[in-house]
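J.: Predicted model and sequence follow; I will ask about them next.
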Amino acid sequence: MSLADGSGLREFVGAYVVEAEEHVETASRQLLAIESAAASGQPNLRAIREAFRALHTIKGLSAMVGVEQVVTIAHRMEALLRTADRRGAMLPAATVDVLLDALKAIRERVRAFGEGNSVEPPGADLLRALDELDADYTAVAPDLASFQLPPALAAKLGALELDQLKAGVLTGKRALRVEFEPSLEKSGAGVTINHVRERAEAIGEVVKIFPNASAAGLSFVIVLLTAATDAEVAAATCVDVASIELLAHGAAPVPLDVAQQLAEVVSSGDPSLEEISMPQRTMVRVDVGRLDDTVEGLSALIVTRFRLGRAVRALRERGIDVRELEEIVAENARQLRTLRAAILRVRMVPVSELLERIPLIVRSLLRSMNRQVRLELEGGGAEVDKAVAERLFPALVHLIRNAVDHAIETPDERLRRGKPEQGLVRIECVSQANRWLQLRVIDDGRGVDAKAVAARAKRPPPQDDAALLELVCRSGLSTREVPTETSGRGVGMEIVKRIATEQLGGELSLSTELGVGTTFTLTVPLSISVVDAFTFSCAGQRFATPVGNIEEIIELDPAHVAENVSFSGRFPVRLVQRRGRSVPLVALADVLQLSHQVGDRRALVVRRGAELVAFGVERMLGQEEVVVRPLNDVLLKVPGVAGATDLGDGQPTLVLDLPALGNRISLRDKELSA
């Protein structure tokens, strides 16, 4: 059955894709844990069983929505993991390779189904590989008991599911057909097919769940192996006893050794798996589109608050007593800030969701190159807005590839340098002041050779790490003579910098030492939709910039400003004293190429890597909570402009990324010496 049948299954697609992908990620993590344990000669029984449970759930979910292509792959993987469980939870690397390939095939088909595309049948080579690895299963399965099933039901069950059903009956369980009919009333009470599936798994062994469309509507058929009574099954699955059909009685007890053999081969309800308790669901899945709609509603409320504030100020200027209105506006502002914080918390996702994908990427890289790498992850407890996470992940992947392929030496080279054969790549994440996420990718490799990079770029050798980073991020620059599948095209670091600075309004920095290692640091905001911002006037125009970008706001005293120190292109550069230190000062109007007659009276100090730079502005207007709208038109995109906002008067106000503007100013230390 497919969605095109008009069977009413479309409402389940979104939830199916989300949950299936979660279980695919769980199975991937457990397989990597199994492989890691096997490499050290240790079994990992829990990882085997957690992977089994994840695949069992994927199979059940896929059967419910009719994706039999996924059911076929997942069922064979289940059988293989059962065999591994019997062998002591030891899986060689070659077996893990096959299982990971099978998970990739499942992921591709789940996404194709979610996008409404045709779902390809599983490849014959993949199924053959899974079957060959599970030769022990196929040796025992033909000896199972036989009994008659209704033809319509038998047609829905595959060979492995029939064997599972027969084995369960031989061990004394009853085989039941349970039919659950969803309704609006049941959904309103929280009783969905997923809820019923979890409750059914708690009292027995779910062999298969599949949809059944008829003139009466849509229902779901559950084929269940259980020792529970009909009344207990009805209570657990939220159905009437009359909707439960007995397919086969439990057979008389079989000899212990036979029962154990059958349980080891096909039964997912044996004690070794039942000892893993069902998770207590305390989370509600919400479509990301609905969250986006909520943020849009919040954005409209913030703009309305600006308009209300302007109207109140206009009334006050006309001599009208607006004190009560001002109290209401202030209270409304506090409520909106609370609402904003609550909505943004809902959009936050753990950084661990990014990090848990990294081991699989590293493993894939190591298969194609002569490297040994130990991966360490720290700080997955930090959280970041989902939109930031989606943009950040490609940058993280490029940094990991760069570390494994460029930085870490081959084992022979490391031994010659007095290092252990196995290199180290470490990822650290930490949130700062509830505004920023700092992510560091650290390696103990060869370091970045500044002279070699400069030679490739045909530039003078850089004097510091900040200048070196500028060269490394140049478009088309690569230290490799011949491109490989993973690197050498000169676009990776350019993409990382563009994501960090232009897309996320953050920073990218570099620290390296030849022969010791390299650290890349990404500093990005936790959220990019609604931010606290300073508003200010420059050349008679109004601008805004995120509060988190500003180190300090200082008053410009002519006595503490050194004029005409140097010129960087078309920008006159002065020096301003800040706590006994000279800081480069440029007029923001000059950087933006705006004509101005009024002198700058304030300066916004921002950090540019390890340095500071100050931008002179006419005056500060205040601090606001603003909604940043990106400028998607490529003709409007300008370096240093993060987007635009509406402050309630209907006029767009540009939101400036001052650190990015600071990077456009070339300053030499010798020119800035006092």
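T.: That came through, no problem.

J.: Residue ranges in the stretch 51-200 of the chain under the pLDDT threshold?
T.: 86-90, 134-147, 159-160 (pLDDT under 70).

J.: for it, what spans make up the strands?
T.: Here the stretch 51-200 of the chain has its strands, by DSSP state E, counting those that start in this stretch, at 174-180.

J.: now swap in the stretch 301-450 of the chain and tell me
T.: 348-350, 373-378, 383-385, 423-432, 436-443.

J.: Deepest in the core, which of the ones you listed is it.
T.: Of all the strands of the stretch 301-450 of the chain, strand 383-385 has the most neighbours on average by mean count of other C-beta atoms under 10 Å, namely a mean of 23. Just so you know, the C-beta spots here come from the backbone N, C-alpha and C atoms, and that holds for glycine as well.

J.: If you count contacts, what does that one end up packed against?
T.: strand 348-350 (3 or more C-beta pairs under 8 Å, 6 or more residues apart in numbering; DSSP states H and E).

J.: circling back: closest one to residue 60 among the strands of the stretch 301-450 of the chain?
T.: strand 348-350 (25.6 Å; C-beta to C-beta).

J.: Which strands and helices lie in contact with the closest one?
T.: Counting by 3+ C-beta pairs under 8 Å, 6+ apart, strand 348-350 packs on strand 383-385, helix 386-402.

J.: Could you dump those into JSON lines and include mean pLDDT and distance to residue 456?
T.: Shown next, in JSON lines, are those (pLDDT from 0 to 100; distance: least, C-beta to C-beta, whole Å):
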{"stretch": "strand 383-385", "mean pLDDT": "84", "distance to residue 456": "34"}
{"stretch": "helix 386-402", "mean pLDDT": "87", "distance to residue 456": "15"}
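
J.: okay, those, which one's buried deepest?
T.: strand 383-385 (a mean of 23).

J.: Please confirm that residue 210 is located within a strand.
T.: Yes. The assignment for residue 210 is a strand, going by DSSP: H, G, I helix; E, B strand; the rest coil.

J.: Tell me who's in contact with residue 332.
T.: Residues near residue 332 by C-beta atoms under 8 Å, 6 or more residues apart in numbering: 305, 308.

J.: in stretch 405-425, what's buried?
T.: 405, 406, 407, 408, 409, 411, 414, 419, 423, 424, 425 (16 or more other C-beta atoms under 10 Å).

J.: which residues sit against it?
T.: 362, 365, 369-376, 400, 403-404, 441-447, 479-480, 484, 486-487, 515, 517-518.

J.: picking that back up, what about the strands of the stretch 301-450 of the chain, which gets the closest to residue 315?
T.: Using C-beta to C-beta, the strands of the stretch 301-450 of the chain put strand 383-385 closest to residue 315, at 37.1 Å.

J.: Run me through the strand neighbours of the closest one, direction for each.
T.: strand 348-350 (antiparallel) (DSSP bridges).

J.: so residue 153 makes contact with residue 212?
T.: No. Using C-beta atoms under 8 Å, residue 153 is not in contact with residue 212; the gap is 10.0 Å.

J.: Return the distance of residue 163 relative to residue 82.
T.: Residue 163 sits 12 Å away from residue 82 when distances are taken as C-beta to C-beta, to the nearest Å.

J.: Please apply the same query to residue 629.
T.: 54 Å.

J.: Looking at those two, which one has more neighbours?
T.: residue 82 (26 against 15; other C-beta atoms under 10 Å).

J.: how much space between that one and residue 312?
T.: On the measure of C-beta to C-beta, residue 82 and residue 312 end up 70 Å apart.

J.: mind checking which of the helices and strands packed on strand 348-350 is nearest residue 73?
T.: Once the helices and strands packed on strand 348-350 are compared by C-beta to C-beta, helix 386-402 is nearest, at 25.8 Å.

J.: The longest helix along the chain packs against which elements?
T.: Counting residues, the longest helix found in the chain (DSSP state H) is helix 288-317. With contacts taken as 3+ C-beta pairs under 8 Å, 6+ apart, helix 288-317 sits against helix 323-347, strand 530-538, strand 619-627.

J.: May I see the buried residues of that helix?
T.: 291, 294, 295, 298, 299, 302, 303, 305, 306, 308, 309, 312.
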